[in-house]
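**Student:** Build the 3D model from these lines:
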Amino acid sequence: MTDSNKDLDPAYGFDLGTRLRGVRESNGLSQRELARRAGVTNGMISLIEQNRTSPSVGSLKKVLDGIPMSLADFFAGENTGGSKIFFAADELMEIAGGDLSYRQVGRDLSDRALQMIHECYAPGADTGRAMLSHEAEEAGIVISGEMELTVGNQRRVLAAGEAYYFDSHQPHRFRNISDKDCIVVSACTPPSF
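**Tutor:** The predicted structure is shown next:
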């Protein structure tokens, strides 16, 4: 198990399946209704809730859009901490898993206007085949490595020191096409990823 998967595994403190089931039920949705709203199969929802599959960031975002709920709110749970100012490296909250690491500054963003994320993409990692789209603006700077970014019908490979800024309503996808890790620091406002 990779370090980023530890944060999503029930044995390490975050039970993604139980959290999804709780959020779904608190919104009065059956698995079938959530699947219909999200445009995924009922089986996918069931497998996630049983922790029998680990969805990509894009797939989980698609499921949560059916509620609707942002990734940040999903992983924040009932935790508070909006007034915290300083964060040690080990206090950043992991909101992804697998070959991606998205470490968010702060847990509860419900009273915040900005979401900051330290992103690490392993070689070949991407946000999923489905393009992401959400209500926000986002920007980021590549700190090291290279990142292929597709926004709408535009695509570009960004190297260290290069940046992006776009309206997140536009379908977009991030992909590391190199053989080295890619590190990006990004911001999203309002917090919706």
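**Student:** how about the nearest residue to M116, chain neighbours excluded?
**Tutor:** Of all residues not flanking M116 in the chain, V105 sits nearest, at 4.2 Å (Cβ to Cβ, 6 or more residues apart in numbering). No exception for glycine: its C-beta is placed from N, CA and C like everyone else's.
**Student:** residues near that neighbour, how many?
**Tutor:** Counted with other Cβ atoms under 10 Å, the neighbours of V105 add up to 19.
**Student:** Number the chain from 17, please
**Tutor:** From this message on, residue numbering opens at 17, which makes the last subject V121.
**Student:** Just the pLDDT for it.
**Tutor:** V121 carries a pLDDT value of 91.
**Student:** Quick check: bridge partners of the closest residue to D142 other than its chain neighbours?
**Tutor:** Spatial nearest neighbour of D142, excluding adjacent residues (Cβ to Cβ, 6+ apart): R191 at 3.7 Å. Beta-bridge pairing for R191 (DSSP bridges): D142, E164.
**Student:** Now for the closest residue to Q131 other than its chain neighbours, how many residues are close by?
**Tutor:** Distances taken as Cβ to Cβ, 6+ apart place P207 nearest to Q131, at 3.6 Å, with adjacent residues excluded. Residues within reach of P207, counting by other Cβ under 10 Å, total 25.
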